[in-house]
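Chemist: have a look; sequence and predicted model below, questions after that.
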Amino acid sequence: MQLTVKLFAFFRDGRFKEEGREYPAGTKVGEIVADLGIDPDEVGVVMINSLQSSLKATVAEGDNLAIFPVIGGG
Amino acid sequence: MDGLRRFIRYKAADGCIALIDELAAAAAFEQPLAEVEEQVLRLGIMPRRYMRNCLSCDQQLRLLRARICVIGCGGLGGSVADILTRTGVGYLRLIDPDSFEEHNLNRQRFATVATLSQPKVQAARTALMAINPAVNIDAVQAEFCETDVLAAEVVVDALDSAEKRLILAAFCTKYGRSLVHGAVREWYGQVGIATAANNLVAGLYPGAVQESATPSPPQIIAPTVAVIAGMQAAETCKLLLGLPSVLSSSWLSCNLLDCEYELIPDSPSIP
Amino acid sequence: MTEKIFRVNMTDLTTSVEAVPAAWAGHGGRGLTSTIVAAEVEPTCHPLGPKNKLVFAPGLLSGTIAANSGRLSVGGKSPLTGTIKESNAGGTSAQFLARCGCKALIIEGQPKGDVWYSLAVTPQGVTISQEKELIGKGNFAVAETLANRLPGKLGLITIGSAGEMRMASANISVKDPDGGLRSHGRGGLGAVMGSKKVKFISIDPQDGKVEIADTEKFKEANRAFAKALVDHPVSKALGQYGTNVLVNIINESGGLPTKNFTLGQFDGHEKISGETMHDTINLRGGKVKHNCHPGCVIQCSQIYNDASGKKLTSGFEYESIWAMGADCCVDNLDQIAEADRLMDDIGIDTIETSVAMGVAMEAGVLPFGDGAGILRILQEDIAKGTPLGRIIGNGAGSVGRAFGVTRVPVVKNQAIPAYDPRSIKGMGITYATSTQGADHTMGYTIATNILGVGGSVNPLVKEGQVELSRNLQIATAAIDSTGMCLFIAFAALDDATCLPALIDLINARFGIALTGDDVVNLGKYILKTERAFNTAAGFTNVDDRLPEFFYTEPVPPHNVVFDFSGEEIDTFWNF
């Protein structure tokens, strides 16, 4: 299935800003994160079609997936 | 009080009053400077330092009477406190257990060569009082506690640990206090207003429990701190003045490198 | 620098810097602490609860170059006596607080959890810090650790483990210029500081200075004042032998309370005397003269080394030596010095604790003369807070009640110090009528009863004692407000130039025109303010009495009892 993945902040370093990507049906967000070589502990907000979601959620054909890192400094 | 008001009117023929006259009034009538400023603003007179604030006397009075607690007094907290002090917020409570170290000098407002090894809150208070002596400042060098949340109407989250941010958010929910969240990392930052309804902080830090496994402090560059702290201070003032904010229903993700500023609507977290 | 009131609320951890109310402006030291306590503390409150307040105030002349002006007053409601309390001590903190522009530091409220804090005072106000490392540590460890942690020469006010455990004889220690400690000894205000969960207070005056209205007049008055002090023979004796010069004098007079107040002379007096101490210090390379605060010209303090030449203790006072020595029948000055150091470290009043040991000896807890036993109980029980340690740490009255002893030398539950009230009757009047329980410094009739200072009143007769004590208590209350050490009183009583010079100093400092009458009225006002607090707390004239045994047991060698009727004592307050 085809979906759009958007990365934010330093997740873009060495990757991309926004990309159409192909994954098998039933893929979970966590698997996509792993596929992109992102440490899951670094993941903050995950959004599917502008609704807050989680690593455990399953994506569907045509979804917009946005992945934000944890920003924690003060 | 009548004598004090007469004195103020006499010194403020042009609708403004100079600090030196406010200090003279405080000494002559044995009142704290904050009380003098309260009387000044109630008379519709603007202290000269606020002349260019684009706020009315009523609005300045509202800020003067406000009680704000800034949790964390490093990069974000120091700059937020600086801005709120200049804007005229009457009470600031600064909470931070740490002292300044050399690696704070790159971005923390009150870290100077002279204040290295001083408690951050103490150095901050000394500097803030020199900026605006009408502001009351409590400096507590300790981890925050519920008392701190109770002491303020708006709490500013300028912490550097997700775990602590979650505890602070829980306190604010418990006591119905607005929490102005801000966080920075490298060229990126985020700001938002956490309420009992939006559960913002829990959504931003889904993995906070494991966070202790990655203790290395984040890289942070000063411009990011200035931007996010400025936004936190602005949101704090807007909350106090009852001005509407788009951040009451969304949070803002900032990317200074790509100049992207993205509003992300609040949404209930899906497990 | 304009003087302000610094206030810290420990309930909600807030601080403020306030203008000085007009009614407090003319006060300092004891006059100010008592005025504030009377105005702000509910007299019936529990001394260790959130309603009590702890008030520190430098004297009117503290922070100036005036000789001997470095005394710091601390006030509150005493957990030992239940009365109002003011205790003053030397060290550098009074001068530093004054240079911070701090006219008084008020600590109020109480935190809820078991979290400890420290306070940092600067001219900008007070910062509250959580403290973990030093909790449970003795005063010397606190002073040593902070010397490294906090850069610069700071003032330090601290409590030891006794204060943390809220023992009723816990003291508050103040660092002296050499890193030694002076104590706000009497009345257990260390327990009040502990109840507020404040382990220590650091004071950094930065470049703060005390303003002098008329610098030239001030310097001139100070020259006359300092000369009067150094010229007086008692001042000279204090410098040479320390306050311990009194052991042989009081023993000779028959007024040296011995073996829990059963005798008036101690066989071992020579071994613990000021003369012996002086020779021992010289032999071991200690210091005979030492000042507890910069600017002291009397230098009654000393540094006492052990046999190997290592510093054992400083500020080794007659009353401490008497209490551990004659009252407990210990004639080993080294053991007494070791106990003095331990009590400084634990942060407990040397008079109260030693008199409590004397009562414990009478109860059979340990034999009279058992110096090693005293050291063991200090280390193993009091420092660690065992049940026995807490009984003794809560004072002589506490030991008497716990063990059913009737010969318990206390007034208003505070231990009677080093002068037997039967054979030195003026002191009996002072102990009975003092607003703060038995305390020799409230009206030191020894001056006139024994030392021939300010005239002479026979210590064994009743005539003149009430008037003597009254005049001295009034003068003392006024002196305690100036930040001056009480030892200026000897010169003030004998040298006609001394008191006018002191008044000139105050006038030049503030640009005012006080007279001698104003000073006397100040003293009267303080005593009446303190008494009004006690009355509201539930004290009556019947509390102004000595324990029964002083009326029924004659003390040798004069074989006299205390023979003032209640009505006679009550005439004290006719002013």
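Modeler: Perfect, thanks for sending it. Numbering: from 1, shown residues only, chains lettered A, B, ... in the order given.
Chemist: quick one: contacts for the residue lying closest to C:Asn248 once chain neighbours are set aside?
Modeler: Using Cβ to Cβ, 6 or more residues apart in numbering or on different chains and skipping the chain neighbours, the partner closest in space to C:Asn248 is C:Ser273 (4.7 Å). The C-beta positions use only the backbone N, C-alpha and C, and glycine is treated the same way. For C:Ser273, the contacting residues are C:Asn244, C:Val247, C:Asn248, by Cβ atoms under 8 Å, 6 or more residues apart in numbering or on different chains.
Chemist: for chain B, see how far away the first one is.
Modeler: Going back to what we said before, that points to C:Asn244. Distance, C:Asn244 to chain B, by Cβ to the nearest Cβ, to the nearest Å: 42 Å.
Chemist: and the pLDDT for the closest residue to that residue other than its chain neighbours?
Modeler: Using Cβ to Cβ, 6+ apart and skipping the chain neighbours, the partner closest in space to C:Asn244 is C:Gly274 (3.7 Å). We have a pLDDT of 90 for C:Gly274.
Chemist: can you show me the strands along chain B?
Modeler: Here chain B has its strands, by DSSP state E, at B:16-17, B:46-47, B:67-71, B:91-95, B:136-141, B:154-157, B:178-185, B:188-194, B:250-255, B:260-265.
Chemist: which one of the ones you listed lies nearest to chain C?
Modeler: Counting by Cβ to the nearest Cβ, chain C lies closest to strand B:136-141 out of these; the figure is 3.5 Å.
Chemist: rewinding a little: what would the strands of chain B look like in a markdown table with distance to chain C, mean pLDDT and mean neighbour count?
Modeler: Shown next, in a markdown table, are the strands of chain B (distance: least, Cβ to the nearest Cβ, whole Å; pLDDT from 0 to 100; neighbours: other Cβ atoms under 10 Å in any protein chain shown):
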| stretch | distance to chain C | mean pLDDT | mean neighbour count |
| --- | --- | --- | --- |
| strand B:16-17 | 19 | 96 | 20 |
| strand B:46-47 | 19 | 97 | 23 |
| strand B:67-71 | 10 | 98 | 26 |
| strand B:91-95 | 8 | 97 | 27 |
| strand B:136-141 | 4 | 95 | 26 |
| strand B:154-157 | 15 | 98 | 28 |
| strand B:178-185 | 19 | 97 | 26 |
| strand B:188-194 | 23 | 96 | 27 |
| strand B:250-255 | 31 | 95 | 21 |
| strand B:260-265 | 36 | 93 | 14 |
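Chemist: rewinding a little: and for the residue nearest to C:Asn244, the neighbour number?
Modeler: 23 (other Cβ atoms under 10 Å in any protein chain shown).
Chemist: now do the same contact list for it.
Modeler: Listed by Cβ under 8 Å, 6+ apart, the contact partners of C:Gly274 are C:Tyr241, C:Gly242, C:Thr243, C:Asn244, C:Val245, C:Leu246, C:Val247, C:Asn248, C:Tyr318.
Chemist: for the closest residue to chain A within the stretch 451-575 of chain C, which non-adjacent residue is spatially closest?
Modeler: Using Cβ to the nearest Cβ, the single residue of the stretch 451-575 of chain C nearest to chain A is C:Gly483, 45.0 Å away. Leaving out its chain neighbours, the residue that sits closest to C:Gly483 by Cβ to Cβ, 6+ apart is C:Gly59, at 1.8 Å.
Chemist: all strands of the stretch 251-400 of chain C, in order?
Modeler: Along the stretch 251-400 of chain C, counting by DSSP state E, counting those that start in this stretch, strands occupy C:287-290, C:301-305, C:311-314.
Chemist: how about the second one as PDB, C-alpha atoms only?
Modeler: Think strand C:301-305. The C-alpha trace of strand C:301-305 is given here as PDB (Å, rounded to 0.1, in the frame of the first residue of the first chain):
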ATOM      1  CA  SER C 301      37.500  34.000  74.100                       C
ATOM      2  CA  GLN C 302      40.500  31.700  73.700                       C
ATOM      3  CA  ILE C 303      41.700  28.600  71.800                       C
ATOM      4  CA  TYR C 304      42.200  25.600  74.100                       C
ATOM      5  CA  ASN C 305      44.400  22.800  72.700                       C
END
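Chemist: isn't B:Ala222 right up against B:Arg107?
Modeler: Yes: between B:Ala222 and B:Arg107 there is a contact under Cβ atoms under 8 Å: 4.1 Å.
Chemist: neighbour-wise, which of the two wins?
Modeler: Taking neighbours as other Cβ under 10 Å, B:Ala222 and B:Arg107 compare with B:Arg107 leading, 22 against 15.
Chemist: ok, the more buried one - contacts?
Modeler: B:Gly75, B:Ile220, B:Ile221, B:Ala222, B:Val225.
Chemist: again with B:Asp266
Modeler: Shown in contact with B:Asp266 (Cβ under 8 Å, 6+ apart): B:Asn198, B:Leu200, B:Ser249, B:Ser250, B:Trp251.
Chemist: grab the nearest non-local neighbour of the residue in the stretch 301-450 of chain C positioned nearest to chain A.
Modeler: Nearest residue of the stretch 301-450 of chain C to chain A, counting by Cβ to the nearest Cβ: C:Gly347, 38.7 Å away. Sequence neighbours aside, C:Gly160 is the residue nearest to C:Gly347 in space, at 2.6 Å (criterion: Cβ to Cβ, 6+ apart).
Chemist: over to C:His290?
Modeler: Nearest non-adjacent residue to C:His290 (Cβ to Cβ, 6+ apart): C:Ser301, at 4.1 Å.
Chemist: swap in C:Ile36?
Modeler: Among residues not flanking C:Ile36 along the chain, C:Val55 sits closest, at 4.9 Å (Cβ to Cβ, 6+ apart).
Chemist: which strands or helices does the helix or strand harbouring that neighbour pack on?
Modeler: Using DSSP states H and E, C:Val55 sits in strand C:54-58. If you count contacts as 3 or more Cβ pairs under 8 Å, 6 or more residues apart in numbering or on different chains; DSSP states H and E, strand C:54-58 packs onto helix C:29-40, strand C:72-77, helix C:93-99, strand C:102-108, helix C:189-195.
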